[in-house]
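>>> Sharing a model that was predicted from the sequence below.
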Amino acid sequence: MTGITLRLTIADPVPGMIYSLQDQKSVPVGPVMATDAPLSFDVPVKLSDDNRLTGPFVRREGPERRFVYIAIGGQAGGHTTVSRRAKIDVHQLGALLDQARAGKVLAATLPGRDKDGLPACATVKPIEPWRAV
């Protein structure tokens, strides 16, 4: 197993909203209040020799799908009527995993809001392709 880092950046979070990572037990980890600036979370992940991603923040559906949750509002421990999670797929990083093994951080920039201006939730796709930084 190799330890790698995934950097999830919310491009335009809702100012005043609480965001956090969410572990496998649905506990918010590292809650922060958003400002007008992009908001980033570095997610520690374990990468197996056969390219499976595991660790305290990686969840799975079926044999292939792996994802990470960003908790928002009430899900992140905030006191608000907004309670959401953004699900970010991490199982299709392909050739980028070799760069992660070499010490690069794998980064994705995510939209922060849905069409109504509320925090983006459900399965959230990166604004641009994943990259190694």
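Received it, and whenever you're ready, just let me know what you need.
>>> How about the contacts made by residue 59?
For residue 59, the contacting residues are 24, 66-69, by C-beta atoms under 8 Å, 6 or more residues apart in numbering. Where you see a C-beta, it was placed from the backbone N, CA and C, and this is true even at glycine.
>>> I misspoke; the intended subject was residue 121.
The contact partners of residue 121, by C-beta under 8 Å, 6+ apart, come to 72, 84-86, 114.
>>> switch to 6 Å and redo it
Neighbouring residues of residue 121 by C-beta atoms under 6 Å, 6 or more residues apart in numbering: 84, 86.
>>> Equivalent analysis for the one 3 residues further on, please.
With contacts defined as C-beta under 6 Å, 6+ apart, the neighbours of residue 124 are 86, 88, 110.
>>> Name the nearest residue to it, sequence neighbours excluded.
Nearest residue to residue 124, sequence neighbours excluded (C-beta to C-beta, 6 or more residues apart in numbering): residue 86, at 4.3 Å.
>>> ok so, going back, tell me which of the contacts of residue 59 fall in strands.
If you go by DSSP state E, these have 66-69 in strands.
>>> returning to what we had before: count of neighbours near the residue nearest to residue 124?
For residue 86, the neighbour count with other C-beta atoms under 10 Å is 24.
>>> how about the strands of this protein, start to end?
2-10, 18-22, 28-33, 39-47, 53-54, 58-61, 65-73, 83-89, 106-110, 122-123, 131-132.
>>> Report the two of the ones in strands among the contacts of residue 59 separated the most.
Distances among the ones in strands among the contacts of residue 59 were taken as C-beta to C-beta; the most separated pair is 66 and 69, at 11.6 Å.
>>> Comparing those two, which shows the higher neighbour count?
residue 69 (23 against 20).
>>> shouldn't that one be in contact with residue 23?
No. Residue 69 is not in contact with residue 23 according to C-beta atoms under 6 Å; the separation is 8.6 Å.
>>> one step back: and the contacts of residue 59, which is closest to residue 106?
residue 68 (11.5 Å).
>>> give the contact list for the closest one.
Neighbours of residue 68 in contact, by C-beta under 6 Å, 6+ apart: 43, 57, 88, 90.
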